[in-house]
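A.B. asks: Just need the structure, nothing else, for what follows:
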Amino acid sequence: MDGFGARAYSKLGLETDVVDADPHRLVLILFDGALLAVQRAKGHLADRRIPEKCQALSQAIRIVDSGLCSSVDPSHAPEFATRLIRLYKYIIMRLLHANMRNDLKAMDEAANLLSGLRGAWARIGPSAGLAQASPNRDAQQVVRTVSQPIGARVANAYRA
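C.D. replies: Modelled structure (predicted):
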């Protein structure tokens, strides 16, 4: 299959997944898209394709900002939602830093955070009754662990 055909087929498959997905699955698709974009950016950086790296990281930033941040519902657990949004904003900041400085460590950090959150979200499962569910303890622990030293991490990120 040529490049265009493969991309079209892949896009059709993703569009079908999105149309048929429940809200839980949609969030997993967002995590997967962000992680894939960071992976692509790392490959482009390794191959010194800087414009493509910038596009891939911009895509990851858009997914985290417009997709994952927007999907947070503070009505059930406002404190948790605030911490989660702060974590997403931190991930965005690290991706911006990675884009400006071609910083592989910042890309890895963002990918590790996204991967941990994705894993916690996957363990919640769609059967948890998302409308009534309180946040999963694993997800709360990920957010709590990363959020506590966030001020120091932000300051250190811009000293480099």
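A.B. asks: Kindly state the pLDDT recorded for Thr145?
C.D. replies: Here the pLDDT value assigned to Thr145 is 40.
A.B. asks: swap in His24?
C.D. replies: Reading off the model, His24 has pLDDT 87.
A.B. asks: Any idea how many residues pack against the closest residue in space to it that isn't next to it in sequence?
C.D. replies: Excluding the flanking residues, the one nearest His24 by C-beta to C-beta, 6 or more residues apart in numbering is Pro126, at 4.0 Å. No exception for glycine: its C-beta is placed from N, CA and C like everyone else's. Neighbour count of Pro126, defined by other C-beta atoms under 10 Å: 12.
A.B. asks: likewise Leu87?
C.D. replies: Neighbour count for Leu87, taken as other C-beta under 10 Å: 24.
A.B. asks: Quick check, pLDDT for it.
C.D. replies: Note for Leu87: predicted pLDDT of 97.
A.B. asks: Next, it: secondary structure please.
C.D. replies: The three-state assignment at Leu87 reads helix, by DSSP: H, G, I helix; E, B strand; the rest coil.
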